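can't give you the sequence, but here's the structure:
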């Protein structure tokens, strides 16, 4: 930001082209960032009359949205009884396509016709539950809450930000925001290609540290200044630094029980892309038991069929879940992997037998590693309904992770430095 201010002082800040180029030269570090900056610049720096027209259009959109929400309250009825839905669920219904709204109304009509004579309105709570679940799932798929920027309290700033986030021109793929469980079979090939691209992009950001060197393209200013104290601060002798590749060690333990198989497939495919850039990635899957799949993961192919082969050859894929048993076996047979420079990454919905035992073992494992990351595929707003979540969160940093965008964001934090990055390494 200081560089951007200095750049604006060096040009005519009232010249639109000069101001945009100065900001782009100092704030945008890659092509995608330049695209975002250019779009936001055009959204933000507009004449007052255009800004007034935009705010007027926003007010009209809000009035139209309110009309659609009120209409939805009247449309969603079961046997003439209005459904008890939250404002967020009604807003989600209002934002659905006409075909989706029609299917939901048909479901209510058929359910009422089928039960009118026998059960009257006694099925109302059950029908309400089904409708709420569908609306919540659609809301997550549409990623309304995730994509909306937080308000700054100034409509002159908030509205350009909303315009930027609502646009589709910054290169985001819709599959990124879709729940992995809901990705259709015909899109699996494209999803796998997207995962490979994300893994490659993430790998390119790993090498960010340096080591001392006799001569290289970067000057080490700290060492140079220290070495030139003898010359009164005149830079007579230069010191250099070179890239020091610091690759993390990751131990991945993935739940492949029946409810988790689709999520696990995507996570393992992502891990396959990372296995060539991290110093040591060990991968395990579990359900009722634990299985080491590190060798199979490294030889995994690039297509969707390769994951089917991995699942078919597994003895634990698709069974029930006993995390306590799996962790106990991991400690007994692979405890040597729990070292001070390792990050333990668990992927599971926390729905397991023996949750208290699993939490106890996880606590002992946490004391031996650099950090524990838990990717929970259940949406965060449902965690209060899962009794194992508070037990396991005592020993792990838990993140919601049910889309490829979530997966990319969490693994970026794991690899490029999580909350423990500033802590000294344990011996």
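Nice, thanks for sending it over. Remember, it's a predicted structure, so these values are computed and weren't measured experimentally.

going forward, measure contacts and count neighbours with C-alpha atoms only.
Fine.

Tell me which other helices or strands whichever helix in the chain runs longest touches.
Looking across the chain with DSSP state H, the single longest helix is helix 48-75. Here helix 48-75 touches helix 87-95, helix 155-166, going by 3 or more CA pairs under 8 Å, 6 or more residues apart in numbering; DSSP states H and E.

rerun at 7 Å
Applying 3 or more CA pairs under 7 Å, 6 or more residues apart in numbering; DSSP states H and E, one finds that helix 48-75 contacts helix 87-95.

relative to helix 48-75, how tilted is the helix it packs on?
100 degrees (axes from the mean of the first three to the mean of the last three CA atoms, to 10 degrees).

How far does helix 87-95 sit from its chain's centre?
In terms of CA atoms, centre = their mean, to the nearest Å, the centre of helix 87-95 is found 23 Å from the chain centre.

Next, the buried residues of that helix.
By neighbour count on 16 or more other CA atoms under 10 Å, the buried set for helix 87-95 is 89-95.

which one of those residues is nearest residue 128?
residue 89 (11.4 Å; CA to CA).

in terms of contact, does that closest one touch residue 135 like I think?
Yes - assessed by CA atoms under 7 Å, residue 89 is found in contact with residue 135 at 5.8 Å.

Now do the longest helix of the chain: distance to the chain's middle.
The chain centroid and the centroid of helix 48-75 are separated by 30 Å, computed with CA atoms, centre = their mean.

After it, heading C-terminal, what element do we hit next?
strand 77-78 (DSSP states H and E).

Show me what that following strand is packed against.
The contact analysis (3+ CA pairs under 7 Å, 6+ apart) places strand 77-78 against no helix or strand.

That strand pairs with which strands, parallel or anti?
Strand 77-78 has its sheet partners listed here by DSSP bridges as strand 81-82 (antiparallel).

And the strand it pairs with, how far out from the chain middle?
37 Å.

can you count the residues close to residue 228?
For residue 228, the neighbour count with other CA atoms under 10 Å is 16.

how about it, phi and psi?
phi -110, psi 10 (degrees, to the nearest 10).

Identify the residue spatially nearest to residue 356, adjacent ones excluded.
Closest residue to residue 356 apart from its sequence neighbours, by CA to CA, 6 or more residues apart in numbering: residue 391 at 6.8 Å.

hang on, the one you found packs against residue 359?
Yes - using CA under 7 Å, residue 391 is in contact with residue 359, at 5.9 Å.

So for the two, which residue has more residues nearby?
With other CA under 10 Å as the criterion, residue 391 and residue 359 differ in neighbour count, and residue 359 comes out ahead with 23 against 19.

For that one, give its distance to residue 265.
Using CA to CA, to the nearest Å, we find residue 359 at a distance of 25 Å from residue 265.

for residue 344, same thing?
Taking CA to CA, one finds residue 344 at 18 Å from residue 265.

So these two - more neighbours on which side?
For residue 344 and residue 265, the more surrounded residue by other CA under 10 Å is residue 344, and the numbers stand at 24 against 21.

Quickly list what that one is bridged to.
Taking DSSP bridges as the rule, residue 344 bridges to residue 251, residue 372.

Which of the buried residues of helix 87-95 sits closest to residue 296?
Nearest to residue 296 out of the buried residues of helix 87-95 is residue 92 (CA to CA; 42.4 Å).

can you give me the mean pLDDT across stretch 196-215?
Averaging pLDDT along stretch 196-215 gives 56.
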